[in-house]
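Colleague: Sequence first, then the predicted structure, then my questions.
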Amino acid sequence: MGGKLRFAGYEFDYKFIVFKSEDLYEALTEEEFKQMIALNLKYERYRKKKGKNPSPNYFVVNTDEQYAPIVASVIAENEGISREGD
């Protein structure tokens, strides 16, 4: 499923799926939105059954923000990811 993201000289694994809430409200019908919520609740039950936090929170940074390379380097350093070519 994953894949890779190359950004700011680093290669990151795709680990997350992120949707912007306001875009979902506009893009989905009410029924589709309810279905998405139902899928999310099923996923939360799965995580809880596995002993994980069922609903973790994350910071999300758009890669087109001017500070994104700084954030990428902090994440890479803490995840043990080396710059490509190092």
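Modeller: Thanks, I have the structure now. Numbers count the residues shown, from 1 in each chain.

Colleague: now the strands: where do they sit in this protein?
Modeller: Taking DSSP state E to define them, one finds strands in the chain at 4-7, 10-13.

Colleague: What strands line up against the last one, and which way round?
Modeller: What that stands for is strand 10-13. strand 4-7 (antiparallel) (DSSP bridges).

Colleague: Could you export the strand it pairs with as PDB, CA atoms only?
Modeller: Below are the C-alpha coordinates for strand 4-7, written out as PDB (Å, rounded to 0.1, in the frame of the first residue of the first chain):
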ATOM      1  CA  LYS A   4       7.500   6.800  -0.700                       C
ATOM      2  CA  LEU A   5       7.600  10.600  -0.500                       C
ATOM      3  CA  ARG A   6      10.900  12.300  -1.500                       C
ATOM      4  CA  PHE A   7      11.000  15.700   0.100                       C
END
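
Colleague: show me where the protein has helices.
Modeller: In the chain, helices defined by DSSP state H lie at 21-27, 30-49, 68-79, listed in chain order.

Colleague: What lies in contact with the shortest one?
Modeller: Residues from elsewhere that reach helix 21-27 (CB atoms under 8 Å, 6 or more residues apart in numbering): 33, 36. All C-beta atoms are positioned from the backbone trio N, CA, C, and that covers glycine.

Colleague: Can you get me the centre-to-centre distance for it and its chain?
Modeller: 17 Å (CA atoms, centre = their mean, to the nearest Å).

Colleague: What mean pLDDT does that helix get?
Modeller: Average pLDDT, helix 21-27: 93.

Colleague: Would you mark the buried spots in it?
Modeller: Residues of helix 21-27 classed as buried by neighbour count (16 or more other CB atoms under 10 Å): none.

Colleague: Deepest-packed of the strands of the chain, please.
Modeller: strand 10-13 (a mean of 15; mean count of other CB atoms under 10 Å).
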